[in-house]
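Asker: Sequence plus predicted model, see below.
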Amino acid sequence: MNTYLLRLCSYRQPRRIRVIENVLTSHRTVANLFWAQQYGILEWLGARRQANQDQLDFELRELQAAGLVEVVADNQVKLTTTGVSFQEEQPPVYEPAFYSWYWLANTKVAFLRFLLGFQVVSEFSYHNRHYVPLNISFAEQQQVKSWFNHFGSDHLVGDVNAELQLLMNSLESEDERLPLALVNQLIGHGQTGWTLDQLCNHLQLNVADGITLTHDLALAICAFSRATNGPLACLIKPLLSATPLSPSNWRTFKMVSSGRTITEVARQRRLKVSTVREHLLTAAILMPQLLNWDQLLPIKVRQYLDQNYQGPVTEWQFASWSADSNADFFYFRLYQILQGSQTNE
């Protein structure tokens, strides 16, 4: 039984099943991001991009059959007392060190590109021109080919070895299992990498912790690549994001931050006003410390919200107070995000 989902459930707070699924697979709607923030699981965004609804529902049914979770009203899930006891009786779980970098990249693509880059260098060091490359999309193979044509020289093997040593030293300072997982997942000349089952067996992890560690390792590689300039880092850098926001969201955020109104931004960018508002709500969730809250929440609106909404933000019920219900909901959600981020600090 895969107990992975237990870490995203709570005994005191029922959580929407589909929100948990959408967080893990990185389905970034404002609603998903908002509830992920309130559940305290935002850093798990994209942690299992390859999973699908059927797979996660099967894992949930297994946990439910074992009495570890229960499904309550509105398709929400919560831990049972048995589930709490089960977690307390288990050995210490693997605690990810790099999940705060969740926004850096699509880790599946980045890790596969990293593995293929190493394979190419390994075969190159043995002067092999004919071998079976890692199964990766044609577009990614072409990116690695272009990278190799740029870096491929007599110095490449030594440069990659030195870079890997730096990376493994960095990983070891966080958790000694990370460099072991890395070196044994590498594919090269006469070497096939560990499967997930082999990784779990060698590192004495359950499947849930094996999945968590693997994602943490991929994020660690992305974070390392962002801060260094070795050949493999240069292969990964084009995949890395500059901010948690998409380029379009970031452009909207910068324009509003410069003093433009939502209506002006919508007109200049030829977007719907509702789209600009969604961009700002996303920024409020992912980068609350950078927002000018006084600019976005007019003082009269803030006073109204202060008077009419108290207590846990997850229990608030929206009710329009003006002729523009869409604007009212924008302010309501923005205020929820503000109050929720302060509560969760």
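Answerer: Looks like it came in fine. A quick note: this is a predicted structure, and the numbers were derived from the prediction, not measured.
Asker: can you pull the buried residues of stretch 204-221?
Answerer: 205-221 (16 or more other CB atoms under 10 Å). (C-beta placed from N, C-alpha, C; glycine too.)
Asker: Over to stretch 321-332?
Answerer: Applying 16+ other CB under 10 Å to stretch 321-332 flags 327-328, 330-332 as buried.
Asker: List of residues touching that stretch?
Answerer: 273-274, 277, 280-281, 297, 301, 304-305, 308-309, 316, 318, 320 (CB atoms under 8 Å, 6 or more residues apart in numbering).
Asker: And those, which of them are buried?
Answerer: 277, 280-281, 297, 301, 304-305, 309, 316.
Asker: Pipe these into CSV and attach secondary structure per row.
Answerer: Shown next, in CSV, are the buried ones among the contacts of stretch 321-332 (DSSP: H, G, I helix; E, B strand; the rest coil):
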residue, secondary structure
277, helix
280, helix
281, helix
297, coil
301, helix
304, helix
305, helix
309, coil
316, coil
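Asker: Tell me the one among these nearest to residue 37.
Answerer: Closest to residue 37 out of these is residue 281 (10.9 Å), distances taken as CB to CB.
Asker: Model confidence for the nearest residue to the closest one once chain neighbours are set aside, exactly?
Answerer: If the residues on either side of it in the chain are set aside, residue 281 comes closest to residue 30, at 4.7 Å by CB to CB, 6 or more residues apart in numbering. pLDDT, residue 30: 95.
Asker: shouldn't residue 30 be in contact with residue 333?
Answerer: Yes - the criterion here is CB atoms under 8 Å, and residue 30 meets it with residue 333 at 7.3 Å.
Asker: okay, and the common contacts of those two?
Answerer: Listed contacts common to residue 30 and residue 333 are residue 281; contacts here mean CB under 8 Å, 6+ apart.
Asker: between those two, who's got more neighbours?
Answerer: Applying other CB atoms under 10 Å to residue 30 and residue 333 shows that residue 333 carries more neighbours, namely 22 against 17.
Asker: I figured the more buried one hits residue 33, correct?
Answerer: No - with contact defined as CB under 8 Å, residue 333 and residue 33 do not form a contacting pair (10.8 Å).
Asker: Now stretch 209-220 - C-alpha only, PDB.
Answerer: Provided in PDB are the C-alpha atoms of stretch 209-220 (Å, rounded to 0.1, in the frame of the first residue of the first chain):
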ATOM      1  CA  ASP A 209       9.300   8.300   0.800                       C
ATOM      2  CA  GLY A 210      11.000   7.000  -2.400                       C
ATOM      3  CA  ILE A 211       8.700   9.200  -4.500                       C
ATOM      4  CA  THR A 212       9.300  12.200  -2.200                       C
ATOM      5  CA  LEU A 213      13.000  11.800  -2.300                       C
ATOM      6  CA  THR A 214      13.200  11.400  -6.000                       C
ATOM      7  CA  HIS A 215      11.300  14.700  -6.500                       C
ATOM      8  CA  ASP A 216      13.400  16.400  -3.900                       C
ATOM      9  CA  LEU A 217      16.500  15.200  -5.800                       C
ATOM     10  CA  ALA A 218      15.300  16.600  -9.100                       C
ATOM     11  CA  LEU A 219      14.500  20.000  -7.400                       C
ATOM     12  CA  ALA A 220      18.000  19.900  -5.800                       C
END
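Asker: I'd like the distance from it to the chain centre, please.
Answerer: Using CA atoms, centre = their mean, to the nearest Å, the mean C-alpha position of stretch 209-220 is found 11 Å from that of the whole chain.
Asker: Averaged pLDDT, it. What do you get?
Answerer: Taken as a whole, stretch 209-220 has a mean pLDDT of 97.
Asker: And for stretch 160-180?
Answerer: 96.
Asker: Ok, stretch 87-107 next?
Answerer: Per-residue scores along stretch 87-107 average to 94.
Asker: Can I get it in PDB, CA atoms only?
Answerer: Extracted in PDB, the C-alpha atoms of stretch 87-107 (Å, rounded to 0.1, in the frame of the first residue of the first chain):
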ATOM      1  CA  GLN A  87       1.700   7.800  11.100                       C
ATOM      2  CA  GLU A  88       3.000   8.100  14.600                       C
ATOM      3  CA  GLU A  89       4.000   4.400  14.700                       C
ATOM      4  CA  GLN A  90       6.000   4.600  11.400                       C
ATOM      5  CA  PRO A  91       9.700   5.300  11.200                       C
ATOM      6  CA  PRO A  92      10.600   8.900  10.600                       C
ATOM      7  CA  VAL A  93       9.600   9.900   7.100                       C
ATOM      8  CA  TYR A  94      11.900  11.500   4.500                       C
ATOM      9  CA  GLU A  95      11.700  15.200   5.000                       C
ATOM     10  CA  PRO A  96      12.300  17.100   1.700                       C
ATOM     11  CA  ALA A  97      14.900  19.900   1.700                       C
ATOM     12  CA  PHE A  98      14.200  21.500  -1.600                       C
ATOM     13  CA  TYR A  99      10.400  21.500  -2.000                       C
ATOM     14  CA  SER A 100      10.400  25.300  -1.500                       C
ATOM     15  CA  TRP A 101      11.900  25.400  -5.000                       C
ATOM     16  CA  TYR A 102       8.700  23.800  -6.400                       C
ATOM     17  CA  TRP A 103       8.400  26.600  -9.000                       C
ATOM     18  CA  LEU A 104      11.800  26.300 -10.600                       C
ATOM     19  CA  ALA A 105      11.000  23.700 -13.300                       C
ATOM     20  CA  ASN A 106       9.100  20.800 -14.500                       C
ATOM     21  CA  THR A 107      11.300  18.300 -12.600                       C
END
